[in-house]
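> Show me how the following folds:
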Amino acid sequence: MLPKEFKPNHLYELIRLGKDNDGGYLVCKNSVKTSTALISFGLNDDCSFEKDFKKENDTRVICFDCNTGGSFWFKKFRRALRKFVKGETILFKDFLVNIYNYYSFFSKNSSSIYKFRIVGKKDDDLSSNGININTILKNNNLKKNFFLKIDIEGSEYEILEDIILFAKFLRGLVIEFHDVDLNLEKIRNFINSIDLKLIHIHPNNSSNCRNNIPLCLELSFGRDPIVISNLVSFPHNLDQKNDKRNSDLKLIFY
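Coordinates of the predicted model:
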């Protein structure tokens, strides 16, 4: 079961950004519309959230992923090609769509991606390919009203203090938490400390549950979200299963 702090206080006006199933998130439309930039940590081969964000708000999109580049895409190509030779064409089609979307999106002047690891403020070391939020804001002359998206496969815990420190500059945040059962108190403290309202929670069913705790959670935060109702239930009508082959996971709060 999840602590009561993990449950949003209201049902808010939300929109879905990103592709169907894994890669899409529910966010506050007002936060998106009033942001001066989107900073995104962790893309893998999917920039659908970033593309949809830019459709809603044609602003700067600045992305960071330590695995981007030619060798990354070559490995993806080899894997997709092996599946194609075996007669499994879906993965190869997905590869072609993803690489086209990726390079067409980042060929635009207002969209950029950098090959850096995201680290905490005390661990900033450009020589080891690490960069922190403070340096990112300085390098891009960002002072306020930006939106932050984070999916960095467990490294999110290293930067929670930094996010709280710069939260006053945020219009919105979506973050994926991993190994939730081992980090409940860290996440609870984060929810209680950040200067944004928790507006949505979604269990990623690509992982399972332990003691009724989903091991991977997607949390959305917003500033000045519009309240629709005091009745909160899950799943939201815009929610989708991350893995459509698996059963959805239930959220139980205490």
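
> Show me what the nearest residue to Leu196 once chain neighbours are set aside is bridged to.
Among residues not flanking Leu196 along the chain, Phe221 sits closest, at 3.9 Å (C-beta to C-beta, 6 or more residues apart in numbering). Backbone N, C-alpha and C define where each C-beta goes, glycine included. Bridge pairing for Phe221 (DSSP bridges) gives the partners Leu173, Leu198.

> quick one, what contacts Phe221?
Shown in contact with Phe221 (C-beta atoms under 8 Å, 6 or more residues apart in numbering): 170, 172-175, 194, 196-199.

> which one of those is nearest Phe95?
Val174 (25.2 Å; C-beta to C-beta).

> circling back to that earlier point, now do the residue nearest to Leu196 against Asp58, distance only.
Distance of Phe221 to Asp58, given as C-beta to C-beta, to the nearest Å: 23 Å.

> Convert the helix or strand that contains Lys186 to CSV, retaining C-alpha atoms only.
Assigned by DSSP states H and E, Lys186 falls within helix 184-193. The C-alpha trace of helix 184-193 is given here as CSV (Å, rounded to 0.1, in the frame of the first residue of the first chain):
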residue,chain,number,x,y,z
LEU,A,184,8.9,5.1,0.0
GLU,A,185,10.1,7.7,2.5
LYS,A,186,12.3,9.5,0.0
ILE,A,187,9.3,9.8,-2.3
ARG,A,188,7.0,10.9,0.5
ASN,A,189,9.5,13.5,1.6
PHE,A,190,9.8,14.8,-1.9
ILE,A,191,6.0,15.1,-2.3
ASN,A,192,5.8,17.0,1.0
SER,A,193,8.7,19.3,0.2
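
> Can you find the helix or strand in this structure with the smallest mean pLDDT?
helix 70-85 (a mean of 85; mean pLDDT, DSSP states H and E).

> Which parts of the helix or strand that that helix is followed by count as buried, going by neighbours?
Counting by DSSP H and E, the next helix or strand C-terminal to helix 70-85 is helix 89-106. Using 16 or more other C-beta atoms under 10 Å as the test for burial, helix 89-106 gives 91-92, 95, 98, 101-102, 105-106.

> swap in stretch 191-209?
Those would be 191, 194, 196-205, 207, 209, for stretch 191-209 by 16+ other C-beta under 10 Å.

> Of those, which is the nearest to Lys29?
Closest to Lys29, out of all of the buried residues of stretch 191-209 and judged by C-beta to C-beta, is Ile199, at 10.6 Å.

> was I right about that closest one contacting Glu13?
No - the pair Ile199 / Glu13 is not scored as a contact, 9.0 Å apart, by C-beta atoms under 8 Å.

> so what's in contact with those two at the same time?
Residues touching both Ile199 and Glu13 (C-beta under 8 Å, 6+ apart): 28, 225.

> returning to what we had before: buried ones in the least confident helix or strand of the chain?
Those would be 73, 76, 80, 83, for helix 70-85 by 16+ other C-beta under 10 Å.

> OK, contacts around the closest residue to the third one other than its chain neighbours?
Right, Ala80. Nearest residue to Ala80 in three dimensions, chain neighbours excluded: Phe95, at 3.8 Å (C-beta to C-beta, 6+ apart). Taking C-beta under 8 Å, 6+ apart, we find Phe95 in contact with 45, 76-77, 80.

> So Phe95 versus Glu88, what's the distance?
From Phe95 across to Glu88, the span is 12 Å (C-beta to C-beta).

> Skipping its backbone neighbours, what lies nearest Gly172 in space?
Ser31 (3.1 Å).
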